[in-house]
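> build the 3D model from these lines:
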Amino acid sequence: MGDDGRVSGLQLPEGLDWWRREPGGAAWLERLPSLVAACASEWQLSLGDPFPDGHIALVMPGRRADGTPVVLKVNFPDAESAHEADALRTWDGDGAVRLVEEAPQRRALLLERLVPGRQLWDEPDLARADEIAASVLRRLWRPVGPDAPFTQLAEVATRWRHVLPERWDRLGRVFERVLLDEALGWIDRLVPSLPAPVLVHQDFHGGNVLWDERRGWLAIDPKPLAGEPAFDTASLLRDRTGSLADDSWAPTTVRSRLDRLAALLGLDRERMRGWGIVHALAWLEPVEGAGSMHVRVARWLAEA
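As a prediction, this is how the structure comes out:
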């Protein structure tokens, strides 16, 4: 650690570079070494190199002074990560990684380290992977009271209702208007009929489900909302994008997964399908364009 409180030689993963194009992103990247140093000092951490595949947050393995293995995560101060710690506290290790410490002013979390940390993506049998995913999701969905800090899905979806047409136009209308109208129609149907809210992960896919030799399969990296279970399958429906891109039967694979997850979780297939379309287009990255797997999965779900 240098005299200025920064972590000497900290090499940020290249996957974080895209933040430089976002408002406040460049300044956050410049601050990361000092944020990490402050966490290391406060929590008495010895830290390893950042995990190289990080592209949203800075994530680093470490150990506490007593030798306990941990993971340090520093988030960009955006709305999606604002209540990650609240969600982890709510789950308290039941279905999700445990929160050890939090520094809200730095958007920093100290987490238990999952060993070996194998991702659900490594399970070659897609049907078996879906069974595992369903078992974890069922543990995460618990009622959310009126005093809970989580943003309501109805609020987020209503905002998407206004933002999606503007983004579609601004991005050069990279997919057909009929698909946009399909998503808007689903928002109009789904929001008024939302059931009592439960805590949902929102970014639940195989890369965010890890194997721990002590406690089994656990979720990480939530972008939590107070929503409905059918919404929380949206990221899972478009999971394994690399495999889907090479799959000549990809539309059938996605539709089969929709049917299988609906059966495993006892959920309304049509609500899952609708939220899958909406979420795919709402999370479309500006650089992805018409060939994006988000757009392709939305099309396949629209026809499912």
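
> from now on I want contacts and neighbour counts done on CA atoms only, so please keep to that.
Fine.

> tabulate the CA atom coordinates of stretch 131-151 in CSV.
Provided in CSV are the C-alpha atoms of stretch 131-151 (Å, rounded to 0.1, in the frame of the first residue of the first chain):
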residue,chain,number,x,y,z
GLU,A,131,-33.4,-28.3,-11.4
ILE,A,132,-30.5,-26.9,-9.3
ALA,A,133,-31.4,-23.3,-10.2
ALA,A,134,-35.1,-23.9,-9.3
SER,A,135,-34.1,-25.3,-5.9
VAL,A,136,-32.0,-22.2,-5.2
LEU,A,137,-34.7,-19.8,-6.4
ARG,A,138,-37.3,-21.3,-4.1
ARG,A,139,-35.1,-20.6,-1.1
LEU,A,140,-34.7,-16.9,-2.1
TRP,A,141,-38.3,-16.0,-2.6
ARG,A,142,-39.6,-14.7,0.7
PRO,A,143,-42.3,-12.2,1.4
VAL,A,144,-41.3,-8.5,1.5
GLY,A,145,-43.1,-6.3,4.0
PRO,A,146,-44.1,-2.6,3.4
ASP,A,147,-41.1,-1.3,5.4
ALA,A,148,-38.5,-3.2,3.3
PRO,A,149,-36.0,-1.0,1.5
PHE,A,150,-36.3,-2.7,-1.9
THR,A,151,-37.6,-1.0,-5.0
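
> can you give the distance from that stretch to the centre of its chain?
When C-alpha coordinates are averaged (Cα atoms, centre = their mean, to the nearest Å), stretch 131-151 and its chain have centres 14 Å apart.

> now do stretch 275-292
Counting by Cα atoms, centre = their mean, stretch 275-292 comes out at 14 Å from the chain centroid.

> beta-bridge partners for Val200, please?
Judged by DSSP bridges, the bridge partners of Val200 are Leu225.

> kindly report the same for Leu210.
Beta-bridge partners, per DSSP bridges, of Leu210: Gln119, Leu218.

> where does the stretch 151-300 of the chain have low pLDDT?
In the predicted model of the stretch 151-300 of the chain, residues 287-291 satisfy pLDDT under 70.

> strands of that one, start to end?
198-200, 209-212, 216-219, 225-227 (DSSP state E, counting those that start in this stretch).

> pick the most buried one from those.
strand 225-227 (a mean of 27; mean count of other Cα atoms under 10 Å).

> need the strands of the stretch 151-300 of the chain in TSV (columns: distance to Leu190).
What follows is the strands of the stretch 151-300 of the chain, written out as TSV (distance: least, Cα to Cα, whole Å):
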stretch	distance to Leu190
strand 198-200	15
strand 209-212	27
strand 216-219	26
strand 225-227	11
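
> any idea which of the ones you listed gets closest to Val97?
strand 216-219 (6.0 Å; Cα to Cα).

> tell me what that closest one is packed against?
helix 126-140, strand 209-212 (3 or more Cα pairs under 8 Å, 6 or more residues apart in numbering; DSSP states H and E).

> and the ones you listed as CSV, adding distance to Ala87?
Below are the helices and strands packed on strand 216-219 laid out as CSV (distance: least, Cα to Cα, whole Å):
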stretch, distance to Ala87
helix 126-140, 9
strand 209-212, 15
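
> what's the closest of the ones you listed to Glu303?
helix 126-140 (21.6 Å).

> residue contacts, the most centrally placed residue in the chain?
Centroid check for the chain by Cα atoms, centre = their mean gives Asp203 as the closest residue, at 2.7 Å. Residues near Asp203 by Cα atoms under 8 Å, 6 or more residues apart in numbering: 221-223, 232, 235.

> closest to Asp66 out of the strands of the stretch 151-300 of the chain?
With Cα to Cα as the criterion, Asp66 lies closest to strand 209-212 of those, at 20.7 Å.

> now do the helices in the stretch 51-200 of the chain.
In the stretch 51-200 of the chain, the helices defined using DSSP state H, counting those that start in this stretch lie at 84-91, 126-140, 153-170, 177-190.

> and the third one with helix 177-190, angle?
In other words, helix 153-170. Relative orientation of helix 153-170 and helix 177-190, computed by axes from the mean of the first three to the mean of the last three Cα atoms, to 10 degrees: 170 degrees.
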